[in-house]
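[1] Okay, structure incoming, though there's no sequence with it:
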């Protein structure tokens with residue numbers, strides 16, 4: 001924080017979320033302003049401003065509006081406009097009710113022609129499996145698959161169009177995939193383009209074509225460093241509208257591996273990160289969101305880049321605090337009766353099953 005007292009600043013709002021990034025770039029090019037609150041996902045910022053979170057119980061009012069054309073005249077169709085939304089929930093509650101959720105697995109089978117599958121290989125068939133809910137009515141990815149639907153039409157184009165019809169008929173809230181971000185959904189979008197049925201392939205409740213739900217990450221690298229380990233991530237991410245796409249092989253899905261779908265919901269509620277985004281960030285991203293929320297509520301501006309300045313410390317202070325950065329090398333050899341305190345033992349599954357946590361040890 002650079003200032004000890006609040007001061008008047010200039011605030012700019014946009015009429016459409018799609019113009020947010022463009023507006024930021026235009027203002028930044030002027031070179032006269034320091035920008036704040038610009039690097040947060042719009043959906044996440046909406047949660048901060050409205051004091052909402054994923055899977056929260058709300059009372060809301062909507063009204064039916066007629067669509068407008070580009071010239072401002074009435075067009076075809078209608079849409080629902082949110083008038084008011086009142087929160088009736090608390091994300092700090094230990095026990096809470098969830099809406100009825102339905103989950104399906106989506107798997108594909110490809111006619112592989114080369115050493116590895118690629119977009120040129122034709123689609124053979126698609127499997128959609130309904131997932132059994134647990135005793136609390138919440139779906140789990142490792143739950144029993146109650147029913148399996150095989151989509152195998154006469155030609156590839158019809159198979160792709162039938163995927164949309166099956167998903168629309170089953171009306172799931174969550175679509176689970178293995179590698180959906182990196183290959184499955186980009187592959188299906190590519191095959192739909194080859195067969196000229198891109199508009200007919202959709203998985204969102206809004207019927208947004210799948211090709212429009214695929215986003216490419218900025219930057220040239222598909223690797224990043226996390227807690228001293230080099231991790232790989234997909235350079236594409238698939239965000240559906242009206243439904244959740246959860247890629248179980250996502251690089252950030254520690255919340256899923258430790259807590260399954262209920263664990264993702266719990267972390268999403270606490271951190272105020274939308275569920276689809278939470279699946280694709282590490283636990284550090286979730287904790288950072290909690291910091292951002294509290295900073296916003298305190299009226300602090302959030303800079304676009306993280307600053308980690310460290311105050312000056314003398315040599316004696318460094319020696320006293322961390323032995324001057326000295327690290328003790330382990331003894332080389334074979335030893336018995338060695339005890340290790342595993343960091344992962346602090347995670348939710350063991351806490352829930354064995355009541356082991358930092359407070360009980």
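    Thanks, I have it. Because the structure is predicted, anything quoted here is derived from the model rather than measured. Numbers count the residues shown, from 1 in each chain.

[2] Tell me, what's the model's pLDDT at residue 175?
    Residue 175 is assigned 96 on the pLDDT scale.

[3] Repeat that for residue 278.
    What the model reports as pLDDT for residue 278 is 89.

[4] Give me the distance between it and residue 73.
    From residue 278 across to residue 73, the span is 41 Å (CB to CB, to the nearest Å). For glycine as for every other residue, the C-beta is placed from the backbone atoms N, C-alpha and C.

[5] And the average pLDDT for the longest strand that the chain contains is what?
    Using DSSP state E, we find that the single longest strand of the chain is strand 74-87. Across strand 74-87, the average pLDDT comes to 83.

[6] again with stretch 300-312
    Per-residue pLDDT over stretch 300-312 has a mean of 74.

[7] ok, now stretch 213-232?
    Stretch 213-232 shows a mean pLDDT of 74.

[8] what do you get for stretch 144-155?
    Looking at stretch 144-155 alone, the average pLDDT works out to 88.

[9] So what touches that stretch?
    Contacts to stretch 144-155, defined as CB atoms under 8 Å, 6 or more residues apart in numbering, come from residues 105, 124-132, 159, 161-163, 166, 170.

[10] Mind checking which of these are buried?
    The neighbour-count test (16 or more other CB atoms under 10 Å) marks 105, 125-131, 159, 161-163 as buried among the contacts of stretch 144-155.

[11] And those, which two are furthest apart?
    Farthest-apart pair in those is 131 and 161; separation 24.0 Å (CB to CB).

[12] And what about the spatially most central residue of the chain, helix, strand or coil?
    Central residue of the chain (CA atoms, centre = their mean): residue 277, 1.5 Å from the mean position. Assigned with DSSP: H, G, I helix; E, B strand; the rest coil, residue 277 falls in the helix class.

[13] pretty sure it is touching residue 42, no?
    No. Contact criterion CB atoms under 8 Å: residue 277 and residue 42 do not qualify, at 10.8 Å.

[14] pLDDT weak spots in the stretch 151-300 of the chain?
    Where the stretch 151-300 of the chain drops to pLDDT under 70, the residues are 219-221, 224-229, 251-255.

[15] Tell me where it has strands.
    Assigned by DSSP state E, counting those that start in this stretch, the strands in the stretch 151-300 of the chain fall at 174-177, 214-216, 223-226, 229-232, 236-238, 244-247.

[16] Out of the ones you listed, which is the most enclosed?
    Across the strands of the stretch 151-300 of the chain, averaging neighbours per residue (mean count of other CB atoms under 10 Å) puts strand 244-247 on top, at a mean of 24.

[17] quick one: strands adjacent to that strand?
    Strand pairing for strand 244-247, determined by DSSP bridges: strand 174-177 (parallel).

[18] Can you list the neighbours in contact with the partner strand?
    Identification of contacts with strand 174-177 by CB under 8 Å, 6+ apart yields 101-107, 131, 139, 141, 167, 184-185, 203, 240, 243-248, 261.

[19] rewinding a little: neighbour count for residue 278 and residue 73, which is higher?
    Of the pair residue 278 and residue 73, residue 278 is the one with more neighbours under other CB atoms under 10 Å, namely 28 against 8.

[20] With residue 250 as the reference, measure out to the residue nearest to the centre of the chain.
    Distance of residue 277 to residue 250, computed by CB to CB: 11 Å.

[21] ok, back up a step: out of the buried ones among the contacts of stretch 144-155, which comes closest to residue 233?
    residue 105 (22.0 Å).

[22] Pretty sure the closest one sits in a strand.
    Yes. The assignment for residue 105 by three-state DSSP puts it in a strand.

[23] ok, for it, nearest residue in space, not its chain neighbours?
    Distances taken as CB to CB, 6 or more residues apart in numbering place residue 129 nearest to residue 105, at 4.3 Å, with adjacent residues excluded.

[24] what do you get for residue 60?
    That would be residue 85: by CB to CB, 6+ apart, it lies 4.3 Å from residue 60.

[25] Just confirm residue 190 contacts residue 119, I think it does.
    Yes. Counting by CB under 8 Å, residue 190 does reach residue 119; the two are 4.2 Å apart.

[26] The two: who's more crowded?
    Using other CB under 10 Å, the more surrounded residue of residue 190 and residue 119 is residue 190, with 17 against 14.

[27] Against residue 184, how distant is that one?
    To residue 184, residue 190 is 11 Å away according to CB to CB.

[28] try residue 337
    For residue 337, the distance to residue 184 (CB to CB) stands at 48 Å.

[29] Which strands or helices does the helix ranked longest in the chain pack on?
    In the chain, taking DSSP state H as the definition, the longest helix is helix 254-271. In terms of contacts (3 or more CB pairs under 8 Å, 6 or more residues apart in numbering; DSSP states H and E), helix 254-271 is packed against strand 244-247, helix 275-278, helix 283-297, helix 348-354.

[30] now with 10 Å?
    Judged by 3 or more CB pairs under 10 Å, 6 or more residues apart in numbering; DSSP states H and E, helix 254-271 is in contact with helix 42-50, strand 174-177, strand 244-247, helix 275-278, helix 283-297, helix 348-354.

[31] Domains in this structure, by residue range?
    Here the domain parsing of the chain from automatic domain parsing is 103-296, 316-354.

[32] Which one, of those, ends up nearest to residue 9?
    Closest among the domains of the chain, using CB to CB: domain 103-296, at 13.9 Å.
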